[in-house]
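K.L.:
Sequence and predicted structure, then a few things I'm wondering about:
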Amino acid sequence: MGIRSYRDLILWQKSMDLATTIYRITEPFPAQEQFGLTSQLRRGATSIPANLAEGHSRHSRGDYRRHVSIASGSLAELETNLEIVSRLGYLAAEPLVTTLAQAGEVGRMLTVLLARLRSQFPASNH
């Protein structure tokens, strides 16, 4: 059967799950954070599967590698913002730990994919 679409990628599916989790845990955040941390977390979370989909759909390994790298950066931003939210007391320990574990799994998968793309299709020096 194989991978015919980005939707077949387990990494894309898990990053969609992470984005859904982020939307759910940010619902009860204070109204004054709607355009601050809530927005930052949601944009970071949706950026991950969006970049995976865009990169995979471009049919260029260089573009794919670049978009996976961007997704990895978005994940780091998301994890940082989760830590800030925790320090501000907007998120209890249990959902934070669960969400960070979810993010960690996505991060490990991104690292593996990026390493494979780099080894199979090294960037040119041009």
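P.N.:
Great, that's in hand. Numbering: from 1, shown residues only.
K.L.:
Touching stretch 100-120 from outside, list them.
P.N.:
10-11, 14-15, 17-18, 21, 48, 61, 64-65, 68-69, 71-72, 75, 78-79, 82 (CB atoms under 8 Å, 6 or more residues apart in numbering). Heads up, the C-betas are built off the backbone N, CA and C, glycines and all.
K.L.:
try 10 Å this time
P.N.:
When contacts are defined by CB atoms under 10 Å, 6 or more residues apart in numbering, stretch 100-120 is touched by residues 9-12, 14-22, 44-45, 48-49, 51-52, 55, 61-62, 64-66, 68-69, 71-76, 78-79, 82-83, 86, 123.
K.L.:
Are any of these buried, and if so which?
P.N.:
Taking 16 or more other CB atoms under 10 Å as the criterion, what is buried in these is 9, 11-12, 14-16, 18-19, 21-22, 44-45, 48-49, 51-52, 55, 64-66, 68-69, 71-72, 74-75, 78-79, 82, 86.
K.L.:
re earlier: which members of the contacts of stretch 100-120 occur in strands, if any?
P.N.:
Nothing among the contacts of stretch 100-120 maps onto strands, per DSSP state E.
K.L.:
Mind checking which of those land in helices?
P.N.:
For the contacts of stretch 100-120, the ones inside helices are 10-12, 14-22, 44-45, 48-49, 51-52, 55, 61-62, 64-66, 68-69, 71-76, 78-79, 82-83, 86, with DSSP state H as the criterion.
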